[in-house]
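Engineer: when you get a sec, could you give me coordinates for this:
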Amino acid sequence: MKNKVLLVFLPIMLSLAACTTVNEKPPKSVAKVVKPKKPLPAQPTAKNTKPIVPKKPTPGSGTATYAIDNGKNNFKVESSMPAMQEESLLSPTGLPSATGQSAQPVQAIPAFQVEDARIPAGTSPAVVALLTDAERNRASGDLDAAVVSTERALRIDSRNPTLTYKLAQLRIKQNKPQMAEELAGKAALLAGGDLDLKRKSWLLIAEARRMQQNYSGAKEAKAKADSFFGH
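Structural biologist: The predicted structure is shown next:
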């Protein structure tokens, strides 16, 4: 009996369950709202740029519009100054002096003869031996050895004017006029009353100045040497 009742109610329950399933609606999907982005302002392109066209001047107007130079035109700039020609400089003889007269060139003067000096009496034998050795070296052309011997003699007798004068002679032969002038000046001071040695010393000074192209100073020294004649 119970089985018959279940068979009767089972189809009814299945139909009710199917209706319930059909009537259920699926959940609605929620769409996200996206705000549109603001469009960027349009950038000017090279195609949109228009070439600048010079305006034509209107008749009767006081101003005019000209096209802008693009700098491509080449212009040749010519100097308005006349071409300068090179001129040779005037020689010193052609230049006028302060007095308005042409300056005369300085003329060279002939060499002065340098005289030898004798060894004074009473000189120590050691000094005489050194001077003899110096004279022998000078005669053979060894001027450096002659200078060494004379300087050794001066260390023994430093205030001997004849030794100083002989060393000045060697400096002249070595082509050292400045040193020779200094030594000859010292010899002239040490000579004292020996006027002959003074004259020879000033004559050597004149030659040293001539070698240095101090011609006016050489003439003065020569005149000083001549002043000792007759004394």
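
Engineer: tell me which helix or strand comes right after the helix or strand bottoming out on mean pLDDT in the chain.
Structural biologist: Counting by mean pLDDT, DSSP states H and E, the chain has its least confident helix or strand at helix 2-23, which shows a mean of 61. Next helix or strand after helix 2-23 toward the C-terminus (DSSP states H and E): helix 125-140.

Engineer: and that next one, what's buried?
Structural biologist: 127, 130-131, 133-135, 137-138 (16 or more other C-beta atoms under 10 Å). C-betas here are computed from N, CA, C, even on glycine.

Engineer: distance to residue 201 and pLDDT added to these, as a markdown table?
Structural biologist: A markdown table is the format used below for those (distance: C-beta to C-beta, whole Å; pLDDT from 0 to 100):
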| residue | distance to residue 201 | pLDDT |
| --- | --- | --- |
| 127 | 19 | 93 |
| 130 | 21 | 95 |
| 131 | 17 | 94 |
| 133 | 23 | 95 |
| 134 | 18 | 95 |
| 135 | 19 | 93 |
| 137 | 23 | 95 |
| 138 | 19 | 93 |
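
Engineer: got CSV for the residues you listed, with distance to residue 174 too?
Structural biologist: CSV is the format used below for those (distance: C-beta to C-beta, whole Å):
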residue, distance to residue 174
127, 22
130, 18
131, 17
133, 17
134, 13
135, 16
137, 12
138, 10
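
Engineer: quick check: residue 152 is in a helix.
Structural biologist: Yes - counting by DSSP: H, G, I helix; E, B strand; the rest coil, residue 152 falls inside a helix.

Engineer: check contacts around the residue nearest to it when sequence neighbours are not counted.
Structural biologist: Spatial nearest neighbour of residue 152, chain neighbours left out: residue 130 (5.3 Å); criterion: C-beta to C-beta, 6 or more residues apart in numbering. Residues near residue 130 by C-beta atoms under 8 Å, 6 or more residues apart in numbering: 149-150, 152-153, 156.

Engineer: appreciated, that's everything.
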